Each structure stands twice: as C-alpha cells, then as structure tokens.
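**Q** Return atomic coordinates for the entry below.
(2 chains)
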Amino acid sequence: MTDMAFETTGKATMAGDARTRKRHAAERRFRLMGQLAVAIGVLALLGLLASILSNGLSSFRQTYITLEIYLDPGVLDKQGNRDPADIAKVTTFGYAPLIKGSLVKVMQDRGVGGEADADMAVELISKEAPAILRRYVLADPSQIGETVQFNLLASGRIDGYYKGRVSMASAELDRNTSPEQLRFADELKEAGILVTRFNWDFFTAPDASDTRPEAAGLGVAILGSAYMMLIVLVLSLPIGVAASIYLEEFAPRNRFTDLIEVNIANLAAVPSIVFGILGLAVFINIVGLPQSAPVVGGLVLTLMTLPTIIIATRAALKAVPPSIRDAALGVGASKMQSVFHHVLPLAMPGILTGTIIGLAQALGETAPLLLIGMVAFVRDYPSAPPEGFFDPASALPVQVYNWTQRGDPAFVERASGAIIVLLVFLLVMNLVAVVLRRRFERRW
Amino acid sequence: MNVLTEAAAEKALVKKMNEINYKMVGQDVSVYYGEKRALFDVNLGVRDNTVTALIGPSGCGKSTFLRCLNRMNDTIQSAKVTGRITLDGQDIHDPSIDVVELRARVGMVFQKPNPFPKSIYENVAYGPRIHGLARSKPDMDQIVESSLQKAGLWNEVKDRLNEAGTGLSGGQQQRLCIARAVAVSPEVILMDEPCSALDPIATARVEELIHELRANYSIVIVTHSMQQAARVSQRTAMFHLGHLVEEDDTDKMFTNPNDQRTQDYIMGRFG
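**A** Sure thing, here's the model as predicted:
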C-alpha cells in the first residue's frame, strides 16, 4: 500500500527518478572535468617549476679557489711610481704568473701534488681570474706590495664536476678537462683550498664570454630591466590612467571615441614583436636614440603596456557604482571632484592590479627587445639614471635567451638560474599587487 | 476672439502664479532622451516651505522632471531639456549659473541610499568642505552635528562618527544621505522615491523627517506610494505618459480630483 502511494506521489523530487539521476550524473561529470582541468594545470606548473629549479638552483652556488696572492711590485709596477697609467699597461698576462706562483706555494705548504702538477693546477682557475686581479689592483693601486686573499672562480668544468654536470667519464672525452685534473681538484678540496659557497657574483657580475660561463652574471641585465621598468611605470601609469579617466568619465560617446576604444582593444592584442619593429623604426632610426639602451626598451614596453593599463583602469572605473557619482554631483561636486574624490579612490585597487600585471608582462617581454639591440653582449654596467637610460644594457629575459644560445652546458644552468630570478621578481610584483589591493580596498 | 481669451487666461495664470510664493517654476519643460520624448510641456511650480509630491505610474516622467530641477539630466549625454526653469525667478539654464552652485542650492536624495564609502563624519562634511562653508574644524563639527540632528540621526551615530557610513542600516543610510544634502544648506531638496528601499519603520522615520524639514526647505518628493503622498505632501502633481495631468492641494487630489485619470490612478485602477 505505502509503496503504491510512494510511486504515485514521488515524482521528480525523489532520487529514484530517471531524470533526476541523469541530472545528478551530468553534474558529477562536469565537476570531475573541472577538477581534471585544474589538476592538469597544477601538474604542468609543478613540472615547469621542478625542471627550472632542478636546473637552475645550482647556479646560486659556485666553486671558488681561495688563494693568498702577493701583488709583486716588480711585476705590476716596474717603474715603482704607483702611476695608474703605468700600472694599467700591465695586461692580464702579467697577472697570470702571480696566481700560478701563489697556487704552487699553497700546494707545497699543504703537501698537495708536485711541481709537475702546477700547470694542470692553473687550469683549474677560471680564465677570468687574472682580469679580476687586475681590476682589483687598478681600483686600489696602494695594495701593490701587499699579500691579499682572493676567492678566485674555479673553471666552469671544475664547478660542473661538483654540481654533477661533469663526470670522470665525460672528462675523458673533454678537451677542456681531464680525469687527472678532476682528481687533483678533489685533493685541493680536501685541503680546503677549493670551496663551494653562495654565489653573489651571479647577481652582480656582468655577462661573460662563451669560454668562461663561471664568471657570467646578471648584474647588467638586472640593472637594465630595472631601468626599463622605471621608465615603463613613470610613463605608462599616468598616461594610461589619464586616458582611461578621460575616456570613461568625460569623453562624449560618439563614433570617434568608439573608434579609439576599438583600437585600444586591438593594440592589446598586437604581437609584441611588432612593437619591437616600431621601436626600431621610430625610436632608433627616426628619433636617433642609441641602440641597446634601456630608454628605447622602456618606450617600446610602455607602448605595449599602455593598452593593458587602460583596459584594466576602465574596467575598474566602470565597476564603481554610478550611485556614488550621483551622490557626489548631488551635493554639488563638480565632475572632476566627483571623479578624483570618490570614483578614483574606489577604482584604485583595480588600477594598481592592472598596472602591475602590465609591468609584469613588460618585465618578461623578450621579442621587442631583440629587435632594438638589447641582445648585444654588454659587459659594462650602465651608469646611474638618467644618463644610464642611454647606456647599453641587457634585460633579464633577453639574458635568458642569450645564454640558452651558447654552447657550454654551464650556460644552461645559468639560464635556468636567470629564469628563477625573473620568476622571483614577478612573484614579488604580484605580492605587491595583492598587498596594495588589500590596502586600498573599500566596500560600498 | 479665441486667441484673446487664451491670452487673457494666460495673463490670469501668470498673475495667480505671482501671488503665490513659488520657489521654483518650470514652464513648458520638455525632455528628450535621444529620439524619445519623455516630458511634454510641463508647467509646474514648487512652493516655498511646501512638500510637493509627484505621483504617477512608472515611466510617466516624474523622476525626469525632478532631475530637471537640479540639472542632473546634464549627466546623461543623450538627454535634452527645453523650456524654462527658474529658481527664485532666475533661469537655471542661464550661462551665468554654475551647475555646481545650483546643485548646492537644490539638493538631492536618491532612491537607493548611496553614502560615500567613508566615515559618517566625512559623508556629511564632504559637501560643506568642497563649498568652503566651514572656516575651521569646530565650524565643521558644528555643521555635521546640526545636519545629523536635522536628519534625526545624531543620537544614533554621535558616538561613532568615524565608522563607515556604509555600515549603517538602510534607513539610517538614507537619513545620512538626507543629512548630507542638508549640510550644504540647500533651499530645495529633491527626493527621488527616498523610501522605496526601506522597511515600514524606517519609512515612518523618514516621513516624519520630511515633515520637520518642511519648515525650512521646499521639498519635492517622487513617490509610488499614494499613502505616502497623502501623508507627507501639501501639494500633489499627477503625471501620466510624460504629461502633467493636474496639480492641486493634496487633500483635494485625493478626495476630489478634477481629472478622471487621477481618480483612476489613486483608486488603483491602473499604474
């Protein structure tokens, strides 16, 4: 009896109904698909991060050889007058014997190897080392005649040996190193002459040539990127926000403003390399700005960032309820007062987020910079702004691109390290965006 | 002959209008939104220290007329207003009149409570500040207090003036908006369905307030509630399809209107 009643009254509200079951199944399927999509995304991200971190983290550590070097006046300052011009005449070839002599002395003191090993031992030290020594002396000639402790870079192969990139088997086939050299390096390590420690030079040193990956650093690239971001921020934020406020709040709606609107939306979708060609044609060829200069990069990236900022700002302005504008106008505020006192503060979080997203895009942009010559090999730091804006510099993403082109496998590690630095910068910018958002957010 | 009597009738009307103390007068006011005409030659006066209720079915043009009185229609790009509207005899569309000054003299309270997302104090102080009405901080405190008192909100918020205005209840928010409008010492206050978003108790508070404010201000209120119009107003104007049907003493309108449409609307036969 009860079953009968159940069947007659219990229609779609009961779980047993076929239609209901179908609907629930469809819902479950959709939810599963969504979870799958998220899982794929997360896995891809984790894979990417894992590969970059496993390749690149080692670039933050570097193998050094610690030596006490006697800066022999007989070699470095033959006239004995400490005249910088005379000292500068001594090339890096003059410094190389000092390093070798010091190394041999240390080896004798600690009882490592014999006289015959000295030539091989010198090979352990980076070809950059004499140049480092020379820079040190030229910067401070009064040190001539003193004994100074130096941490000299080990060569890329030795560094790679301690990072697992070079093995005894690969050294057998390698023109630049040999198993004997590696074994000898191990002896030095045991004696405490060869150490591995944190690599500040990676962040401060300029780029280095193909044959000395151990000396290559991001200094010039970080400076160049920072200069460009400064230019982009200073130019695109006021221009973008002013344009958006005018278009959104003041401009009459007509065909002309519609056209502008469509064009801004299209500009945001223009491939970045096109902006590079534009920069090359206009800023370098017509205006005559220098190549490889942060100012040109900054201008090109500003053009690229503007549509992003304008679109984000307009969306933020549009999201402010019209009742706030009415309220301000209703108490007799002028149009401008209503915008600047009420609408803009409410739109601020959105504007800042848009700006930082635009800046982050610009920071990671490579293609347009290649076209304006920032891919050049730059070893000199740009000077302080504003003159520095016109000096040649590199940029972080371009440096990554550059290093991946090089032959030595040590540069792969360097490139991954540079990507980590770039990602950290992006992360910091995004955090700043979140913090600013929280700070300015107000409910209405 | 006919022309003569019409001219005479008009003269008589003008004479009658001159006898009454009109604060604002609209003559042949028409409003166009693009191609669409929303208001047809409306002639309506707002009397001193009187509450004038504008009633009529949705879309009849009563809010449009209200927004003409402080030129809020200027903010709508497609809107065009013709005819003459005067405030104390002065044409408000005259180039010598600054719309900002006009809106300071003719304040407005909107349908939905729209306090600024700032403190209660700042909400009230904003108007006087941009118009330079307070010379000092104590001056401003005085204006804020008296405005909140006039809006009947002072006792409820005096201990939390620095809290967000948006944190108040709906009825309190609307009274805050009234305080904000009162703070710039307007002469006329326009209210666009001020109680439509409020519960009956809050509505009663606001209506009470309108009664009190009448002593010092001319008030024009748009409402969909016949009872409210009957309760708060002395004069009532009935709109229908963009035309002013009639305008008369509220008592007469609700008991013995001249026009059949008014009768029907008040009785709830359309609208």
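**Q** need the contact list for B:Leu176.
**A** Residues in contact with B:Leu176 (C-beta atoms under 8 Å, 6 or more residues apart in numbering or on different chains) are B:Pro113, B:Pro115, B:Ile120, B:Asn123, B:Val124, B:Leu148, B:Ala151, B:Leu153, B:Val157, B:Gly165, B:Leu168. To be clear about C-beta, it is placed using only N, CA and C from the backbone, and glycine gets the same treatment.
**Q** for those residues, which one is nearest A:Ser58?
**A** Distance to A:Ser58, by C-beta to C-beta, is smallest for B:Gly165 among the contacts of B:Leu176, at 57.4 Å.
**Q** what does the stretch 151-300 of chain A put close to chain B?
**A** Taking C-beta under 8 Å from any C-beta of the partner chain as the contact definition, the stretch 151-300 of chain A meets chain B at A:Pro252, A:Arg253.
**Q** can you give me the strands for the stretch 151-300 of chain A?
**A** Remark: strands assigned in the stretch 151-300 of chain A by DSSP state E, counting those that start in this stretch are A:194-198.
**Q** so which of the contacts of B:Leu176 is the most crowded?
**A** Counting neighbours by other C-beta atoms under 10 Å in any protein chain shown, B:Val124 leads those with 34 neighbours.
**Q** tell me which element that one falls in.
**A** helix B:120-130 (DSSP states H and E).
**Q** returning to what we had before: farthest-separated two in the contacts of B:Leu176?
**A** Pairwise distances across these peak at 14.9 Å for B:Pro113 and B:Leu148 (criterion: C-beta to C-beta).
**Q** right, and the helix or strand after the helix-or-strand element of chain B with minimal mean pLDDT?
**A** Each helix and strand of chain B was given a mean pLDDT (mean pLDDT, DSSP states H and E); the minimum falls on helix B:2-19 at a mean of 68. For helix B:2-19, the following helix or strand on the C-terminal side (DSSP H and E) is strand B:22-33.
**Q** just how off-centre is that following strand within its chain?
**A** From the chain centre to the centre of strand B:22-33 is a distance of 13 Å (C-alpha atoms, centre = their mean, to the nearest Å).
**Q** burial measure for the closest residue in space to A:Leu124 that isn't next to it in sequence, as a count.
**A** Excluding the flanking residues, the one nearest A:Leu124 by C-beta to C-beta, 6 or more residues apart in numbering or on different chains is A:Ile158, at 5.4 Å. A:Ile158: 27 surrounding residues under other C-beta under 10 Å.
**Q** name the helices or strands packed onto the lengthiest helix in chain A?
**A** Of all the elements of type helix in chain A, the one with the most residues (DSSP state H) is helix A:18-56. With contacts taken as 3 or more C-beta pairs under 8 Å, 6 or more residues apart in numbering or on different chains; DSSP states H and E, helix A:18-56 sits against helix A:410-440.
**Q** Now do the SS call for the residue nearest the centre of chain B.
**A** By C-alpha atoms, centre = their mean, the mean C-alpha position of chain B lies nearest to B:Leu190, the distance being 1.8 Å. Put simply, B:Leu190 is strand when judged by DSSP: H, G, I helix; E, B strand; the rest coil.
**Q** A:Gln62 is in contact with the residue nearest to A:Leu124, correct?
**A** No: between A:Ile158 and A:Gln62 there is no contact under C-beta atoms under 8 Å: 10.5 Å.
**Q** circling back to that earlier point, with only the CA atoms kept, save the helix holding B:Val124 in CSV.
**A** Output of helix B:120-130 as CSV, limited to C-alpha atoms (Å, rounded to 0.1, in the frame of the first residue of the first chain):
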residue,chain,number,x,y,z
ILE,B,120,29.8,59.1,8.8
TYR,B,121,31.5,62.4,9.6
GLU,B,122,33.2,62.6,6.2
ASN,B,123,29.9,61.8,4.4
VAL,B,124,28.3,64.9,5.9
ALA,B,125,31.4,67.1,5.8
TYR,B,126,32.1,66.5,2.2
GLY,B,127,29.6,68.9,0.8
PRO,B,128,30.4,71.8,3.1
ARG,B,129,34.1,71.2,2.5
ILE,B,130,34.0,71.5,-1.3
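**Q** which secondary structure elements does the very next helix or strand once past that helix contact?
**A** Using DSSP H and E, the helix or strand that directly follows helix B:120-130 along the chain is helix B:137-150. If you count contacts as 3+ C-beta pairs under 8 Å, 6+ apart, helix B:137-150 packs onto helix B:120-130, helix B:154-157, helix B:170-183.
**Q** Tell me which of those helices is the most buried.
**A** A comparison of those by mean neighbour count, using mean count of other C-beta atoms under 10 Å in any protein chain shown, puts helix B:170-183 on top with a mean of 26.
**Q** Quick one: mean pLDDT over it.
**A** Looking at helix B:170-183 alone, the average pLDDT works out to 91.
**Q** could you give the angle of that helix to helix B:120-130?
**A** 20 degrees (axes from the mean of the first three to the mean of the last three C-alpha atoms, to 10 degrees).
**Q** how far is helix B:170-183 from where the chain is centred?
**A** Relative to its chain's centre, helix B:170-183 lies at 14 Å (C-alpha atoms, centre = their mean).
**Q** Could you export it as PDB, keeping only the C-alpha atoms?
**A** The C-alpha coordinates for helix B:170-183 follow below in PDB (Å, rounded to 0.1, in the frame of the first residue of the first chain):
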ATOM      1  CA  GLY B 170      19.300  51.000   5.200                       C
ATOM      2  CA  GLY B 171      17.100  53.500   6.900                       C
ATOM      3  CA  GLN B 172      20.000  55.100   8.800                       C
ATOM      4  CA  GLN B 173      21.900  55.300   5.500                       C
ATOM      5  CA  GLN B 174      19.000  57.200   3.900                       C
ATOM      6  CA  ARG B 175      18.800  59.600   6.700                       C
ATOM      7  CA  LEU B 176      22.600  60.000   6.500                       C
ATOM      8  CA  CYS B 177      22.100  60.900   2.800                       C
ATOM      9  CA  ILE B 178      19.500  63.500   3.900                       C
ATOM     10  CA  ALA B 179      21.900  64.900   6.400                       C
ATOM     11  CA  ARG B 180      24.500  65.100   3.600                       C
ATOM     12  CA  ALA B 181      22.100  67.000   1.400                       C
ATOM     13  CA  VAL B 182      21.000  69.300   4.300                       C
ATOM     14  CA  ALA B 183      24.700  70.000   5.200                       C
END
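**Q** Can you check what angle separates that helix from strand B:188-192?
**A** Helix B:170-183 and strand B:188-192 are oriented at 150 degrees to each other (the same axes, to 10 degrees).
**Q** confidence score at the closest residue to A:Ile125 other than its chain neighbours?
**A** Sequence neighbours aside, A:Leu152 is the residue nearest to A:Ile125 in space, at 5.3 Å (criterion: C-beta to C-beta, 6+ apart). Looking at A:Leu152, its pLDDT stands at 86.
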